[in-house]
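Student: Any chance you could fold what I've pasted below:
(one chain, ligands or ions: 1)
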Amino acid sequence: MKILLISPEARLWNSRTHIHNGLGYLAGALRAAGYHALDIFDGAVEAETLAERLTRDPVDVVGISTPTPLIEAAWEYARVAKSFGAVTILGGPHPTLLPDESLQPTQIDMVVRGEGEAALVQVVRALEQGAPKNNLAQILGLSWKDAQGKIHHNVARPLESDLEAIPLPAYDLFKIERYTNLQPLTDGLDPNARAYTILTSRGCPYKCTYCSKPITGDTWRARSVESVLQEWEMLVRELRATEIGITDDIWNLNLKRAKALCRGLIDRGLNTVPWVTIHGMKVNHTDAELFCLMKQAGCRRVGFGVESGDPEILKNVVKKAQTLTQVRDAFKHARAAGLQTMGFFIYGMPGEDAATMDKTTDLALDLDPDLAHFMIAAPYPGTALWETVKRDGKLYARTWSDLAIQSDHTHFEYPGMDPKLVEQKWHEAYRRFYFRPKRLWRKATQLDTWTHFPERVKDAFRFFKA
Ligand code: SF4
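Tutor: Now for the predicted structure:
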């Protein structure tokens, strides 16, 4: 049985900076189950089209993992794969949340909902045994079509409680030389980077209203520090990683464990390879000692989800479960430890007005991180924000790809909130933050600004659009 695992081309984003950890895990599970005729096709870095790939080397099964903005691209990939006779399976956040819609196109045979490793192995086994329609009904978390095209949803699969029972990602299947470093916006593009990602835990118990965790869930499950260190050592010593990114939803939920991981990296001499936390850190699970240990352990930069400078919006609309004092303390301690800082800020949450958004920009200026990401609120399916907008507002997005989070347009209308004002405040935030004398001087004295001058000019133009 030949299997191809696919990530649809991320045309919505600038460049693929890191490997698709989820596909690596799926490949690892299939290989551990004895399936070795498998490969990964990441549309963002491939030199050939999927049709060319399948003409050169046909496969029996394709598994396509997709978030919401890429579902249309995933359907198109599946159409191509089906024209070559492959069984088509979708997985990832969007198919998990909307399996009926995801299965609508005739070229889609199945959807794996939730964590996919065990389910995918069982599907491939069932296909191998023949008479697949009879075998599929027992596979937890699977949605599938019978011979008449009727959709069936099997019972949900419980979250895997023992993460160490899941085989490690098949890192060797990634064309690692085609990815850049993890955060090119900050470090400039490094086409020679060997940037790997690592997952130390899955899930998050918080309920921020803009966030959805359909795959990893609300229960935080952590690997042991020892198991993480072993994998880290393999990335550094065997795969020659030059940069590592932790991709957990929330890696520092348990402060003691986070510190133990840092101490382990120091003790084993793994602190020579720089690392970052890709999805940021939660400020209310940090202290000064953690940042000092992170710095000693090789961490280069930390990002924090600040979201709003208005305490009411932060508490009652974003529901971030953190205070502005905790935000300020985290930045202060991280900076004191010598780490670079990043802040993430959201504009246009329901109920926002000029005053609340100005407070967010004022806070960004005050915190003065090395890099600030300002985003316009995007209501993804599966989030509380999506439910709020559906109930009380009006969604603008015509297609799922319109919901790309880095878009410079509002995605919805909400009573009392002016969408044009949101866009204006978003542009204003970029201008006020990046075009200050202090900031411009800092950038002018950094080598990276001049080695990546064309990209910097291109970025600058979009801030002045509104
Ligand atoms: S944004 Fe972060 S802290 Fe909030 S629910 Fe999502 S993963 Fe958890």
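Student: chain center to stretch 137-151: distance?
Tutor: Here stretch 137-151 is found 28 Å from its chain centre; the criterion is Cα atoms, centre = their mean, to the nearest Å.
Student: And that stretch, end to end?
Tutor: 11 Å (Cα to Cα, to the nearest Å).
Student: Quick check: buried residues in that stretch?
Tutor: 139, 141, 142, 143, 144, 145, 151 (16 or more other Cβ atoms under 10 Å). (C-beta placed from N, C-alpha, C; glycine too.)
Student: what about the residue of the stretch 301-450 of the chain found nearest the ligand, how many neighbours?
Tutor: Residue nearest to the ligand within the stretch 301-450 of the chain: residue 305 (5.7 Å; Cβ to the nearest ligand atom). Burial measure for residue 305: 24 neighbouring residues, criterion other Cβ atoms under 10 Å.
Student: who touches it in this structure?
Tutor: 208, 280, 282, 283, 320, 344 (Cβ atoms under 8 Å, 6 or more residues apart in numbering).
Student: roughly how far out does the top helix by length along the chain sit from the chain middle?
Tutor: As assigned by DSSP state H, the longest helix anywhere in the chain is helix 419-434. Centroid separation for helix 419-434 versus its chain: 24 Å, with Cα atoms, centre = their mean.
Student: For it, name the packing helices and strands.
Tutor: strand 340-347, helix 354-367, strand 371-376, helix 453-463 (3 or more Cβ pairs under 8 Å, 6 or more residues apart in numbering; DSSP states H and E).
Student: how about the residues of the stretch 151-300 of the chain that lie near the ligand?
Tutor: Contact residues (Cβ under 6 Å from any ligand atom) of the stretch 151-300 of the chain with the ligand: 204, 206, 207, 208, 211, 249, 250, 282.
Student: Could you do the stretch 301-450 of the chain as well?
Tutor: Counting by Cβ under 6 Å from any ligand atom, the residues of the stretch 301-450 of the chain close to the ligand are residue 305.
Student: 5 Å instead?
Tutor: The stretch 301-450 of the chain has no residues near the ligand, with proximity defined as Cβ under 5 Å from any ligand atom.
Student: re the thing from before, tabulate the contacts of residue 305 (JSON lines), appending secondary structure and pLDDT.
Tutor: Below are the contacts of residue 305 laid out as JSON lines (DSSP: H, G, I helix; E, B strand; the rest coil; pLDDT from 0 to 100):
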{"residue": "208", "secondary structure": "coil", "pLDDT": "97"}
{"residue": "280", "secondary structure": "coil", "pLDDT": "88"}
{"residue": "282", "secondary structure": "coil", "pLDDT": "97"}
{"residue": "283", "secondary structure": "helix", "pLDDT": "98"}
{"residue": "320", "secondary structure": "coil", "pLDDT": "96"}
{"residue": "344", "secondary structure": "strand", "pLDDT": "95"}
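Student: The longest helix of the chain - what's its average pLDDT?
Tutor: The average pLDDT within helix 419-434 is 95.
Student: Mind listing what's buried along the following helix or strand past it?
Tutor: As assigned by DSSP states H and E, the chain's next helix or strand after helix 419-434 is helix 437-444. Across helix 437-444, burial judged by 16+ other Cβ under 10 Å covers residue 439.
Student: Helix 437-444 vs helix 354-367, what angle?
Tutor: Orientation note: helix 437-444 sits at an angle of 50 degrees relative to helix 354-367 (axes from the mean of the first three to the mean of the last three Cα atoms, to 10 degrees).
Student: just to revisit the earlier point, taking strand 371-376 as reference, get the angle to the longest helix of the chain.
Tutor: Using the same axes, to 10 degrees: helix 419-434 against strand 371-376 is 180 degrees.
Student: and residue 300, that's in a strand?
Tutor: Yes - Residue 300 sits within a strand when classified using DSSP: H, G, I helix; E, B strand; the rest coil.
Student: Spatially nearest residue to whichever residue of the stretch 251-400 of the chain sits closest to the ligand (excluding sequence neighbours)?
Tutor: The minimum distance from the stretch 251-400 of the chain to the ligand, using Cβ to the nearest ligand atom, falls at residue 282 (5.1 Å). Spatial nearest neighbour of residue 282, chain neighbours left out: residue 250 (5.3 Å); criterion: Cβ to Cβ, 6 or more residues apart in numbering.
Student: picking that back up, is the residue of the stretch 301-450 of the chain closest to the ligand in a helix, a strand, or coil?
Tutor: strand.
Student: sorry, back to before: would you format the helices and strands packed on helix 419-434 as a markdown table with mean neighbour count included?
Tutor: Output for the helices and strands packed on helix 419-434, formatted as a markdown table (neighbours: other Cβ atoms under 10 Å):
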| stretch | mean neighbour count |
| --- | --- |
| strand 340-347 | 22 |
| helix 354-367 | 18 |
| strand 371-376 | 20 |
| helix 453-463 | 12 |
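Student: so which of these comes closest to residue 115?
Tutor: strand 340-347 (25.8 Å; Cβ to Cβ).
Student: Now find how far off-centre stretch 311-326 is within its chain.
Tutor: Between the centre of stretch 311-326 and the centre of its chain there are 22 Å (Cα atoms, centre = their mean).
Student: how close does residue 219 sit to the ligand?
Tutor: 12 Å (Cβ to the nearest ligand atom, to the nearest Å).
Student: burial measure for that residue, as a count.
Tutor: Residue 219 has 13 neighbouring residues, counting by other Cβ under 10 Å.
Student: Likewise for the one 5 residues further on?
Tutor: Using other Cβ under 10 Å, residue 224 has 14 other residues around it.
Student: Next, it: phi, psi?
Tutor: For residue 224, the backbone dihedrals (degrees, to the nearest 10) come out as phi -70, psi 150.
Student: Spatially nearest residue to it (excluding sequence neighbours)?
Tutor: Using Cβ to Cβ, 6+ apart and skipping residues adjacent in sequence, the residue nearest residue 224 is residue 164, 6.8 Å away.
Student: In JSON lines: the residues of the stretch 151-300 of the chain next to the ligand, plus neighbour count, distance to residue 227 and secondary structure.
Tutor: Formatted as JSON lines, those follow (neighbours: other Cβ atoms under 10 Å; distance: Cβ to Cβ, whole Å; DSSP: H, G, I helix; E, B strand; the rest coil):
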{"residue": "204", "neighbour count": "21", "distance to residue 227": "20", "secondary structure": "coil"}
{"residue": "206", "neighbour count": "18", "distance to residue 227": "24", "secondary structure": "coil"}
{"residue": "207", "neighbour count": "13", "distance to residue 227": "28", "secondary structure": "coil"}
{"residue": "208", "neighbour count": "20", "distance to residue 227": "28", "secondary structure": "coil"}
{"residue": "211", "neighbour count": "19", "distance to residue 227": "26", "secondary structure": "coil"}
{"residue": "249", "neighbour count": "22", "distance to residue 227": "18", "secondary structure": "coil"}
{"residue": "250", "neighbour count": "22", "distance to residue 227": "18", "secondary structure": "coil"}
{"residue": "282", "neighbour count": "22", "distance to residue 227": "22", "secondary structure": "coil"}
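Student: Thanks a lot, see you next time.
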